[in-house]
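Colleague: any chance you can model this:
(one chain, ligands or ions: 2)
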Amino acid sequence: MTVATQTPIKSVDEIFNDLKNKLGNFNPDFELEIKAKLAHEILQLKRDRNAVILGHNYMEPALFHSVPDIVGDSLALSRAAAETEADVIVFCGVEFMAETAKILNPTKTVLIPSQKAGCSLAESITAEDVRNLRKKYPGVPIVGYINTYADVKAELDVCCTSGNAVRVVESFGTDKVIFVPDEYLARNVAAETGKHIIFPTLNPADVGKQDPELDYELVGWKGKCEVHDKFTVEDIEMVRSEYPDVVILAHPECKPEVVAASDFSGSTSQMINYVETVEAPKYLLLTECAMGDNIAAENPHRDMLRLCSVRCPYMNQIQLQDTRDALLYNQYQVEIDEEIRLKALRSVQRMLEI
Ligand code: 13P
Ligand code: SF4
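Modeller: Ligands and ions are numbered 1, 2, ... in the order given. Okay, the predicted model is just below:
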């Protein structure tokens, strides 16, 4: 997690020079000039409204390097949202992240700059699906990835992120755990914890019936991140044949065979930390590509292979213009039914305690 204090406000020229130093190799001056003006407006509005801007590691480089007070992975941003004393939280990330901020800090105005910032994983499971799993496997704890909506979080026993999934699963000390909704993350956790995994079918006729076959340790769900699903073992083999000394880092939302063929797997911030602290001749990141640009800009002394063209279409909805408009027009406010929020809070807080 990086904290940047931004008072007094930087001038447009100062912001432009900062952006040019970091991104001048990738972005033309005219684009950085436009973005520096927008960033300056945002910083003024942020001060006037006593707002804090949280930016996920996947934010596009000019936004990432200009306006957030705090940048980080889902876990770090959840912690920051819980602790902030600002009046307004602008969440430059996707909807489930902004919801998590509201769950943790309900008296604040939480704004998400676009209403199109969804997530294929969060869409893959409903609260009713979780209730049905609980009926089918009574007494088995349910761990849910933070990439879920508030009504789903309300049905979980605990949340986890990619940075603490193994720790959260192991915290129960039980031999059976349900882990939803990311199939690949579940398979990666199963591989790391030595658990056998099954994927149940919840036919309407079976709902409410208990599974007579209790030969399982981890019960998964078939949700997928449409971005990380794109990386393949063939990509890795191709890169290694051309650059044998490359170190490959994969997000745990990638397929298990991709993670197994990589050298390191961790949350977005754990990958950033790896590049910053572990010396290697070359690095390749198998994750959303704006993050590769952001790391390359922060670490010009590192050789990053830029073979990546995969963008998250949801994260990519959040641009500087939207962030400016969020503060200007107080849009789009995140609201959560209080009963659901209180139930969801339990699962998020339990994660933060672990
Ligand atoms: P992190 O928690 O690793 O930042 O991941 C969030 C995400 O949505 C990855 O696709
Ligand atoms: Fe969701 Fe995947 Fe985008 Fe992350 S990268 S927000 S998991 S769709």
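Colleague: so where's the chain shaky on pLDDT?
Modeller: 1-7, 204-215 (pLDDT under 70).
Colleague: where does the stretch 1-150 of the chain get nearest to ligand 2, residue-wise?
Modeller: residue 119 (3.2 Å; C-beta to the nearest ligand atom). Bear in mind the C-beta positions are built from the backbone N, C-alpha and C, glycine included.
Colleague: name the residues of the stretch 201-350 of the chain found near ligand 2, please.
Modeller: 225, 226, 227, 253, 288, 312, 314, 315 (C-beta under 6 Å from any ligand atom).
Colleague: thought the fifth one was touching residue 311?
Modeller: Yes: using C-beta atoms under 8 Å, residue 288 is in contact with residue 311, at 6.5 Å.
Colleague: between those two, point out the one with more neighbours.
Modeller: residue 288 (25 against 14; other C-beta atoms under 10 Å).
Colleague: got the contact list for the more buried one?
Modeller: By C-beta atoms under 8 Å, 6 or more residues apart in numbering, the contact set of residue 288 is 58, 227, 268, 310, 311, 312, 315.
Colleague: count of neighbours near the first one?
Modeller: Applying other C-beta under 10 Å, we find 24 other residues in the vicinity of residue 58.
Colleague: if we can go back for a sec, just give me the closest of the residues of the stretch 201-350 of the chain next to ligand 2 to residue 198.
Modeller: Closest approach to residue 198 among those (C-beta to C-beta): residue 253, at 20.0 Å.
Colleague: A helix includes that closest one, no?
Modeller: No: assessed with DSSP: H, G, I helix; E, B strand; the rest coil, residue 253 is coil; it does not lie in a helix.
Colleague: distance check, it against ligand 1.
Modeller: Relative to ligand 1, residue 253 is positioned 5 Å away (C-beta to the nearest ligand atom, to the nearest Å).
Colleague: and if you look at residue 202?
Modeller: Taken as C-beta to the nearest ligand atom, the span from residue 202 to ligand 1 is 25 Å.
Colleague: element containing the nearest residue to that residue once chain neighbours are set aside, please.
Modeller: Spatially, and ignoring its direct neighbours in sequence, residue 202 is nearest to residue 132 (5.0 Å; C-beta to C-beta, 6 or more residues apart in numbering). Using DSSP states H and E, residue 132 sits within helix 127-136.
Colleague: just the helices from the stretch 201-350 of the chain, written as ranges.
Modeller: 233-242, 256-260, 268-277, 289-298, 320-329, 338-353 (DSSP state H, counting those that start in this stretch).
Colleague: common neighbours of residue 288 and residue 311, please.
Modeller: With C-beta under 8 Å, 6+ apart as the test, residue 288 and residue 311 both reach residue 227.
Colleague: residues near residue 12, how many?
Modeller: 15.
Colleague: is stretch 57-74 anywhere near ligand 1?
Modeller: Yes: using C-beta under 6 Å from any ligand atom, stretch 57-74 reaches ligand 1 at 57, 73, 74.
Colleague: any chance of those in a markdown table, plus neighbour count, distance to residue 181 and secondary structure?
Modeller: Shown next, in a markdown table, are the residues of stretch 57-74 next to ligand 1 (neighbours: other C-beta atoms under 10 Å; distance: C-beta to C-beta, whole Å; DSSP: H, G, I helix; E, B strand; the rest coil):
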| residue | neighbour count | distance to residue 181 | secondary structure |
| --- | --- | --- | --- |
| 57 | 25 | 21 | coil |
| 73 | 26 | 19 | coil |
| 74 | 26 | 15 | helix |
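Colleague: in stretch 101-121, what's buried?
Modeller: 101-105, 108-114, 117-121 (16 or more other C-beta atoms under 10 Å).
Colleague: kindly report the same for stretch 282-299.
Modeller: 283-298.
Colleague: include distance to ligand 2 when you put the residues of stretch 57-74 next to ligand 1 into JSON lines, please.
Modeller: What follows is the residues of stretch 57-74 next to ligand 1, written out as JSON lines (distance: C-beta to the nearest ligand atom, whole Å):
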{"residue": "57", "distance to ligand 2": "10"}
{"residue": "73", "distance to ligand 2": "11"}
{"residue": "74", "distance to ligand 2": "9"}
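Colleague: give me the buried subset of the contacts of residue 288.
Modeller: 58, 227, 268, 310, 312, 315.
Colleague: looking at these, spot the one nearest ligand 1.
Modeller: residue 268 (3.6 Å).
Colleague: list the contacts for the closest one?
Modeller: With C-beta under 8 Å, 6+ apart, residue 268 has these contacts: 56, 57, 58, 72, 73, 74, 162, 251, 287, 288, 291.
Colleague: nearest residue to residue 219 other than its sequence neighbours?
Modeller: Leaving aside its sequence neighbours, residue 219 sits nearest to residue 178 (C-beta to C-beta, 6+ apart; 4.3 Å).
Colleague: tell me the SS of that neighbour?
Modeller: strand.
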